[in-house]
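Asker: Could you look at this predicted model? Sequence included:
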Amino acid sequence: MPQLAWLDAVPGEAAFYADDLMAIRAGAKHDGFTYLGDPITPGHSAVRSPSRAMLLRIETTAGAVGWGDAVSVQYAGVGGRDAPVDPAVLGVEVDFAALALQRAGEFDFATGCRLIEELRFDGRPLHTAVRYGISQALLNATAAEAGSSPLRILAQITGLTEPELLPVYAQSGDERELNADRMILRAVDVLPHGLFNSLDSFGHDGQRFLDYVAWLRRRVDELGPADYRPSLHLDVYGMLGQVVSLDVDRMATFLAAAETAAGGLDLAVESPCYGADVSETVELLARLRSTLRERGVSVALVADEFCNTDADVAQFVAAEAVDLIQIKMPDLGCLTEAIAAAQICRDAGLGVFIGGSCAETEVSAIASAQVALAVEADQVLAKPGMGVDEGVTIVRNAMRRALVDWERTA
C-alpha cells in the first residue's frame, strides 16, 4: 500500500472557460467569443474567463508517481457548486490535505479517498476540485506502485470483471450545427448537448430549440450511414421552465412536440427546469416526469444542476424525478464518490451517465473514462473542450488503452 512522500501543486490551465451561468440567463450578450456585462455569481471575475486548474503530483515513499488535476466545471458557483478554481486560493487546502495524508501512514486508494472526503478545512469540506484532483493522483500513484493499471485498482471497488468500450456523449457548445456534423461523421453514440442556455439560443417560445431538433434529425439521415441511430441528448439549462413560468402541463406539451421533432430517435432533455433549491427542483421534475408518462411521452429527463453530491443523487432517485443523472465528476469530489453515485443510480434502475465538463483537462478526462469503465456506465462524456474531435478522441482512446492495460496486468 502506498505512503505519501510528497504532494506537489502547480498552477495550470483547463480546456475551456468558466462562465457565469446566472449572468448569461439574465441576458448577458455575446461580444465575439466573450460576453458583455458584469458577473453575478460569486467567484467569477468576468462573465467568461479562461478556466484554471491545479496540477497535482503525488510521489510515494517507494518512488511511484501519479498525476491528477484539480478542475471545476464550466458553470461553477451555481446550483450548489463550489466556486471556480483559483490556484492562489486553493494552494493552502492542498497543503492541508498533503499533511493529513503524510500523517496517515500507509493506505490503499479507497482509504485515501475517504480520508480526503472526511477532512474539514475551516469547518467545511475541501473544495470539490481539490478532492477530485487528489483522488486522480492517488489512483495513478497506487496503480504505479502496484505495477497494475488504474482500472484494476478501481475494479477492486466495483467488482468489474469484463470491461468493454462504452457509448460516448459529445457536446457541441454554441457551434450547434457545425459540431453536430462532426459528431455524425464520427458516429458518436449520443449527441449533441446543444448548450441551450439563453433565450437567444432556446427561443422566447422555445421554437428555436424545436427547429434545431428537427434539423438534427434530418442531418443524421443526410450524413450518417443507414444503420446509424444515435440517441439525442440536449441540455436546456432550465430554459424550458423559464419560458413557461414553471407550468408543468406546458412543459409536458412542449416535450411531446420535441419528441415528434426527434422523428423516432431516443430523446433525453437535461435540466428542463430549475427550482430555487434541490428540493424544489426535485419536486418540479418529479411532477413533470409523472405527467409525461401519463401522456405517453417517452422523453427522458436528466438531472445536472442541484445534483452535486451522493445525497442529492439519492434525493432525485427517491422521488423518481428523472430517468438519468449526470454524475458530474468535478462536482462530487473524489472518484470514489462518483462510484457511489453510480451504484445508487444502478440500484434504482436508472441509467449511469459519467459526465463532467468541457472545462477539465486531458488528465481528469482519462480518469473519468477509467471510472466509467469500472462502473460499466451507459454513457460517458467526451471531454475536455468544445471542439468535439479532441474530447471524443481523448475519451475513446483512453478506454481503448485501459482495455489493453487491463489484459496486460491480469
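Answerer: Perfect, thanks for sending it. In this text, all values refer to a predicted model and were calculated from it rather than measured experimentally. Residues are numbered from 1 along each chain as shown.
Asker: Every contact and neighbour count from this point should use C-alpha atoms.
Answerer: OK.
Asker: Number of residues surrounding Gln370?
Answerer: A total of 26 residues lie near Gln370 under the criterion other C-alpha atoms under 10 Å.
Asker: Using the three-state scheme, assign it.
Answerer: Secondary structure, DSSP: H, G, I helix; E, B strand; the rest coil: Gln370 is helix.
Asker: The stretch 151-300 of the chain: strands as residue ranges?
Answerer: 168-169, 190-193, 231-235, 267-270, 300-303 (DSSP state E, counting those that start in this stretch).
Asker: Tell me which of those sits nearest to Val380.
Answerer: strand 168-169 (5.0 Å; C-alpha to C-alpha).
Asker: Show me what the closest one is packed up against.
Answerer: strand 190-193, strand 379-381, helix 389-408 (3 or more C-alpha pairs under 8 Å, 6 or more residues apart in numbering; DSSP states H and E).
Asker: so Gly224 touches Val188, yeah?
Answerer: No - here Gly224 lies out of contact with Val188, judged by C-alpha atoms under 8 Å, at a distance of 10.2 Å.
Asker: And these two? Which one has more around it.
Answerer: Between Gly224 and Val188, counted using other C-alpha under 10 Å, Val188 has the larger neighbour count: 22 against 18.
Asker: Verify the stated contact: that one with Tyr169.
Answerer: Yes - contact criterion C-alpha under 8 Å: Val188 and Tyr169 qualify, at 6.8 Å.
Asker: Just put the helices and strands packed on strand 168-169 in JSON lines and tack on mean neighbour count.
Answerer: What follows is these, written out as JSON lines (neighbours: other C-alpha atoms under 10 Å):
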{"stretch": "strand 190-193", "mean neighbour count": "26"}
{"stretch": "strand 379-381", "mean neighbour count": "26"}
{"stretch": "helix 389-408", "mean neighbour count": "17"}
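Asker: With distance to Trp6 added, can I get the ones you listed in TSV?
Answerer: Listed next are those as TSV, based on distance: least, C-alpha to C-alpha, whole Å:
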stretch	distance to Trp6
strand 190-193	40
strand 379-381	32
helix 389-408	26
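Asker: As TSV, those with distance to Asp347 and mean pLDDT would be great.
Answerer: Formatted as TSV, the helices and strands packed on strand 168-169 follow (distance: least, C-alpha to C-alpha, whole Å; pLDDT from 0 to 100):
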stretch	distance to Asp347	mean pLDDT
strand 190-193	23	98
strand 379-381	17	98
helix 389-408	24	97
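Asker: Which among these is found nearest to Ala341?
Answerer: Comparing these under C-alpha to C-alpha, the one sitting nearest is strand 379-381, at 14.3 Å.
Asker: Which residues does the closest one contact?
Answerer: Contact with strand 379-381 is made by 166-171, 190, 352-356, 369, 372, 395, as judged by C-alpha atoms under 8 Å, 6 or more residues apart in numbering.
Asker: Derive a PyMOL selection command for the buried subset of these.
Answerer: To isolate the buried ones among those in PyMOL, judged by 16 or more other C-alpha atoms under 10 Å, type:
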select buried, resi 166+167+168+169+170+171+190+352+353+354+355+356+369+372+395
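Asker: Which residue in the contacts of strand 379-381 has the weakest pLDDT?
Answerer: pLDDT across the contacts of strand 379-381 is at its lowest for Val352, which sits at 92.
Asker: Need the CA coordinates for the host helix or strand of that residue. PDB is fine.
Answerer: According to DSSP states H and E, Val352 maps onto strand 351-355. Provided in PDB are the C-alpha atoms of strand 351-355 (Å, rounded to 0.1, in the frame of the first residue of the first chain):
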ATOM      1  CA  GLY A 351     -29.000   4.600 -16.300                       C
ATOM      2  CA  VAL A 352     -25.500   5.600 -15.300                       C
ATOM      3  CA  PHE A 353     -24.100   8.700 -17.000                       C
ATOM      4  CA  ILE A 354     -20.500   9.500 -16.100                       C
ATOM      5  CA  GLY A 355     -20.200  13.200 -17.100                       C
END
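Asker: Tell me the gap between that strand and the middle of its chain.
Answerer: 8 Å (C-alpha atoms, centre = their mean, to the nearest Å).
Asker: Quick one: list the elements packing against it.
Answerer: Checked by 3+ C-alpha pairs under 8 Å, 6+ apart, strand 351-355 has strand 324-328, helix 335-347, helix 362-374, strand 379-381 packed alongside it.
Asker: try 6 Å this time
Answerer: strand 324-328, strand 379-381 (3 or more C-alpha pairs under 6 Å, 6 or more residues apart in numbering; DSSP states H and E).
Asker: just checking, next helix/strand downstream of the first one?
Answerer: Sequence-wise, the next helix or strand beyond strand 324-328 is helix 329-332, with elements assigned using DSSP H and E.
Asker: ok, residues contacting that following helix?
Answerer: Contact with helix 329-332 is made by Ser72, Thr128, Ala129, Tyr132, Asn308, Thr309, Gly356, as judged by C-alpha atoms under 6 Å, 6 or more residues apart in numbering.
Asker: picking that back up, Leu139: which of the helices and strands packed on strand 168-169 is closest?
Answerer: Short answer: helix 389-408, nearest of the helices and strands packed on strand 168-169 by C-alpha to C-alpha, at 13.5 Å.
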